[in-house]
Every structure is written in structure tokens, then in C-alpha cells.
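Engineer: Fold the following for me, if possible:
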Amino acid sequence: MCNDGTGFGCTQLGYHYEVGDGVHQSDTLAFEYYDKGCELEHARGCSNLGVAHESGRGTIQDNAQAFVAFERACELGYREACTSVGNGYLLGKGVAVDHQRARQILDLECMDGYGAACNSLGSMHLDGLGVPRNNLKAAYNYELGCDLEVGLSCRQLGLVIEALGGAKEVWEEHIDKACQLGDEFSCNY
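Structural biologist: Residues are numbered from 1 along each chain as shown. Coordinates of the predicted model:
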């Protein structure tokens, strides 16, 4: 599968090893094939390599290497990895904190429909990270994320509405949606 010299084949083989689909499960081999897929410029391979570096699955945990892999995946057009790059700049995860760069990337990703990016923008406004604190802008971004089925965004939206004195049935509706989307914290709120 990977012997054909395409990054796609290597990435697919890495996935099979990651989940044990038709082969023995091996995080180490998954990592090696994701690395090869990325070397052959397969965007998803680079993103999966970033996840492996970030989590330490099949390799030593290394946020700097994770950031490099996510950045390469983003450059190759894997847009979900771009949100990871934005969050890296936001949190200083594998790279120096740069709130301006984080906002540029996350704004673009949110407007293109990546809910996790909208959630991060909401947090920037809620916590005043590189922007003035603004609960209304936080709520706006959380609502965008919630509309895109990000459970954490629904929870955060509900909590902001509650903090602003909004009607109980309105904020509870968002907390309930977060629970339905798998946000366990919201299920116990």
C-alpha cells in the first residue's frame, strides 16, 4: 500500500496500524507510516503525524514537532490542521504565543465553517487573549461553533448567557445541546 510511493497509501497504512484494521495494532508503526505519508506530502498524513507527536502515541510527546506537522498539513490544504496551528499560537503549544497570528488563522477557519476555530475565538474574547474582553463577541463565536455542532461551544454559550443574566430556558437549551453532542460536563451541569 505504501510501496507505491504515494503519501495517501502510507497514510492509509498508518491508519490501519493505528486502529488494528487487518494488521496488528501498533502505534509505533502508525507513527512511522504517518511520517512517511507526510514526507510524501500527504496532508492528512502530516495532520495524523501532528496528533501522534501531540499525544505521544508511537513516539515521544513533542509539541514543537506536532506544531511543525500541523503547519505542514495546513500548508498542504488540510484545513482542520489549520485550527491546530491557530491554537498553537493561541496557547503557545509548540511555538511562541502570538495572539495576533492566532486570531488571523482562527478567524479564517471559523468563517470557513470549522467550529473548533470558532470556539477558540470565543475563548479569546471571553478571556481577553490578544483582544479586549467582550462577552458578546465571545457569545457570538460560541454560537457559531455551537451551530457547527461543537459541544464545548454550546456549553460555553450557555454559560455566557447564564452569566449575562439570560433566561434560564435559553441557556439550559444550549447546555442540553452540548450534552447531546457528547460534552460530558454539560450532562452533569
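
Engineer: Now for the residue most central in space within the chain: which residues touch it?
Structural biologist: Closest residue to the average C-alpha location of the chain: residue 84 at 5.0 Å, with C-alpha atoms, centre = their mean. Going by C-beta atoms under 8 Å, 6 or more residues apart in numbering, residue 84 touches 47, 50, 66-67, 70, 74. Placement of C-beta: from N, CA and C, glycine included.

Engineer: got the buried residues for the helix or strand hosting it?
Structural biologist: Under the criterion of DSSP states H and E, residue 84 resides in helix 79-91. By neighbour count on 16 or more other C-beta atoms under 10 Å, the buried set for helix 79-91 is 79-90.

Engineer: CA atoms only: put stretch 13-27 into PDB for me.
Structural biologist: Presented in PDB, the C-alpha positions along stretch 13-27 are these (Å, rounded to 0.1, in the frame of the first residue of the first chain):
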ATOM      1  CA  LEU A  13      -1.400   2.000   6.100                       C
ATOM      2  CA  GLY A  14      -0.600   4.200   9.200                       C
ATOM      3  CA  TYR A  15      -4.300   4.400  10.000                       C
ATOM      4  CA  HIS A  16      -4.700   0.600   9.700                       C
ATOM      5  CA  TYR A  17      -1.900   0.100  12.200                       C
ATOM      6  CA  GLU A  18      -3.300   2.800  14.500                       C
ATOM      7  CA  VAL A  19      -6.600   1.100  14.800                       C
ATOM      8  CA  GLY A  20      -5.500  -2.500  14.200                       C
ATOM      9  CA  ASP A  21      -7.600  -2.900  11.000                       C
ATOM     10  CA  GLY A  22      -6.400  -6.000   9.200                       C
ATOM     11  CA  VAL A  23      -3.000  -5.800  10.900                       C
ATOM     12  CA  HIS A  24      -1.800  -6.000  14.500                       C
ATOM     13  CA  GLN A  25      -2.300  -2.700  16.200                       C
ATOM     14  CA  SER A  26       0.900  -0.700  16.600                       C
ATOM     15  CA  ASP A  27       1.200   3.000  17.500                       C
END
